[in-house]
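A.B. asks: predicted structure and sequence below. I'll ask about it afterward.
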Amino acid sequence: MTGTPHTPAPSGKHPGKQMLSEQVYAHLRDAIMRGSYAPGDALKPQDLAREQGVSLAVVREALVRVVGDGLADRLPNRGFAVPSVSDRRWQEIAEARRTIEPVVLRMSIERGDVDWEARVRAAHHRLVRTPAYVPEEGEYYSSAWSEAHRVFHRTLLEGCGNPALLETFDRLWTASELARRWSAHRNPHRDGAKEHRALEEAALSRDADTAAEVLVQHLTLTATALTDGSGQGA
């Protein structure tokens, strides 16, 4: 670019603090998700402000949002940092998901209509056909695959017809996204595709017992990798 710091943006206005904060937030979120920051790494506001060419106030606002997403911790008198792999929260979130999601899946299988079946099949097809890794996004799951993965799991539960339960799923999913990526990285040989296929088949066969059992195992393997040094999950 050839403009000076005083060159106006295309709209004729300088980027506002909110817009800058959104940009820094997106950068931080993507960097943490891609593994640019290792578990436990410090997120230093001064360094980030210098790197991004913005004020400390803008960076702090973005960091607070990242903390809200569960992708960073605010440490008393120590600033901000990426959570650790061994953080107890990951096991607590996994326990919550293992408690809630199989129940909702049973409801979904009981109540879901033929349109729900079609959406489950379509969501699974999209998941299968989306590359899990792309070179330009680093060694963790691609953003496109992560979204297809979320949609598949959510679609399985949408047949329950209960918005409050689906909102609970949404919150827990967001809170567990970082742990899910770490887990996959620690065990690249896990056959997640086989597990997803088993989930789809059991759900569409209206076999609630098998579907719930497969889902519990699926969620448990993800959490296990964060407590087992050899890695057992994705």
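C.D. replies: Cool, got the structure.
A.B. asks: centre-most residue in the chain?
C.D. replies: residue 177 (2.5 Å; Cα atoms, centre = their mean).
A.B. asks: in this protein, what residue spans correspond to helices?
C.D. replies: Counting by DSSP state H, the chain has helices at residues 17-34, 45-52, 56-68, 88-111, 114-129, 143-158, 163-186, 192-204, 208-224.
A.B. asks: weakest of those by average pLDDT?
C.D. replies: Ranked by mean pLDDT, the helices of the chain end with helix 17-34 in last place, scoring a mean of 88.
A.B. asks: can you pull the buried residues of that one?
C.D. replies: Neighbour-count burial for helix 17-34 flags 20-22, 24-25, 28-29, 31-34 (criterion: 16 or more other Cβ atoms under 10 Å). For glycine as for every other residue, the C-beta is placed from the backbone atoms N, C-alpha and C.
A.B. asks: if we can go back for a sec, show me the contacts for the residue nearest to the centre of the chain.
C.D. replies: For residue 177, the contact set (Cβ atoms under 8 Å, 6 or more residues apart in numbering) comprises 33, 70-71, 146.
A.B. asks: next, format those as TSV and append distance to residue 85.
C.D. replies: Below are the contacts of residue 177 laid out as TSV (distance: Cβ to Cβ, whole Å):
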residue	distance to residue 85
33	15
70	14
71	14
146	19
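A.B. asks: run the chain-centre distance for stretch 100-112.
C.D. replies: Relative to its chain's centre, stretch 100-112 lies at 22 Å (Cα atoms, centre = their mean, to the nearest Å).
A.B. asks: mind listing what's buried in it?
C.D. replies: Residues of stretch 100-112 classed as buried by neighbour count (16+ other Cβ under 10 Å): 101-102, 104-109, 112.
A.B. asks: kindly reformat those as TSV containing distance to residue 209.
C.D. replies: Shown next, in TSV, are those (distance: Cβ to Cβ, whole Å):
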residue	distance to residue 209
101	15
102	10
104	15
105	11
106	8
107	14
108	14
109	10
112	16
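A.B. asks: closest one of those residues to residue 181?
C.D. replies: Nearest to residue 181, judged by Cβ to Cβ, of those is residue 101 at 18.8 Å.
A.B. asks: apart from its chain neighbours, what residue comes closest to the closest one?
C.D. replies: Nearest-residue entry for residue 101: residue 215, 6.0 Å, with adjacent residues in sequence omitted and distances by Cβ to Cβ, 6 or more residues apart in numbering.
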